[in-house]
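Student: here is my input; please provide its structure:
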Amino acid sequence: MGCGCTHERAEWAPYDRGEWDECTVVHGDPTYLALLNELRALHLDKSSSYGTPADPLANFRAVSQVTGAHPARYGLERIVEKATRAIHLIDAGRADEVEECLDVAGLALCAESLRRSS
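Tutor: Model prediction:
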């Protein structure tokens, strides 16, 4: 696997967590790849308190049972909520206070996971 590039291991060693191949790291944005690792940790943390061991996305399914809507809808609604808050902070000159971006990314992946599994 790989793109045929030759890279020094030192170029990608900070991201060597067994998750990325050499060419992905060199060609991908280092901050983006680091954020993917943060997103994974965020999902593991939140699913342990919102979900159950048998169903890490149980909170989405619980809302679905109450509302009768598709389970992915709740995640998408939460994205709107968090994006709206982030936009308001940015518009108010407070971009440094925005913490919602990883949540939005995580919610999008939860919604897609629920969509694919339904």
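
Student: show me where this structure has helices.
Tutor: Using DSSP state H, the helices found in the chain span residues 22-27, 30-50, 58-67, 71-91, 101-117.

Student: just put those in CSV and tack on mean neighbour count and mean pLDDT.
Tutor: C-betas here are computed from N, CA, C, even on glycine. Shown next, in CSV, are those (neighbours: other C-beta atoms under 10 Å; pLDDT from 0 to 100):
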stretch, mean neighbour count, mean pLDDT
helix 22-27, 16, 60
helix 30-50, 13, 91
helix 58-67, 15, 97
helix 71-91, 16, 97
helix 101-117, 17, 97
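
Student: for residue 69, which non-adjacent residue is spatially closest?
Tutor: Excluding the flanking residues, the one nearest residue 69 by C-beta to C-beta, 6 or more residues apart in numbering is residue 63, at 7.7 Å.

Student: same thing with residue 82?
Tutor: Nearest residue to residue 82 in three dimensions, chain neighbours excluded: residue 100, at 4.1 Å (C-beta to C-beta, 6+ apart).

Student: what is the neighbour count of that neighbour?
Tutor: Residue 100 has 19 neighbours, counted by other C-beta atoms under 10 Å.

Student: what sits against it?
Tutor: The contact partners of residue 100, taken as C-beta atoms under 8 Å, 6 or more residues apart in numbering, are 82, 83, 85, 86.

Student: if we can go back for a sec, surely the residue nearest to residue 69 meets residue 71?
Tutor: Yes - using C-beta atoms under 8 Å, residue 63 makes contact with residue 71 at a distance of 7.5 Å.
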